[in-house]
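> A predicted structure for the sequence below; I have some questions about it.
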Amino acid sequence: MSRLGKTSERDIHRSSPAELADLPKGFWAGAVVVHPGQKQPVSLRVDRDVLAWFKDTGPRYQTRINAVLRSYVTAMRERADRRSTA
C-alpha cells in the first residue's frame, strides 16, 4: 500500500495548506490528474494586481498560473468539441 493510502483523512486534513481548509463540498468532484509536460519559457505581461494575487498565494505561483490557463484551455476545447458534434 502506498504512503498516501496509509494516511488517515485526519492526517491529510491536518497537513493540508490553509487555503484548502474551506473548499465547498464537491470541489474536487470534476478534478482530473494532469501530468505536466515540458514547460516552455515565455515572457508574459499581466495586470499588476493579478500577478500580486498569485504571488501572495505563496511559492509556486507560476505553476498555479499555468494550472488556471490549462483549465481555461481545456474548457474551451471541450466547448468547441461540443459545438462541432452538435
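All right, it came through fine.
> burial of L51, as a residue count?
L51 has 14 neighbours, counted by other Cβ atoms under 10 Å. Bear in mind the C-beta positions are built from the backbone N, C-alpha and C, glycine included.
> Relative to A21, how far out is it?
25 Å (Cβ to Cβ, to the nearest Å).
> Same check on K6?
Shown here: K6 relative to A21, a distance of 23 Å by Cβ to Cβ.
> Same question for S84.
The value you get for S84 to A21, if Cβ to Cβ is used, is 41 Å.
> pLDDT of stretch 33-43, averaged?
If you average the pLDDT over stretch 33-43, you get 85.
> right, I mislabeled it, should have said stretch 79-86
88.
> Now do the helix or strand hosting R83: everything it contacts.
R83 belongs to helix 61-85 when assigned by DSSP states H and E. Contacts to helix 61-85, defined as Cβ atoms under 8 Å, 6 or more residues apart in numbering, come from residues V34, K39, F54, K55, T57.
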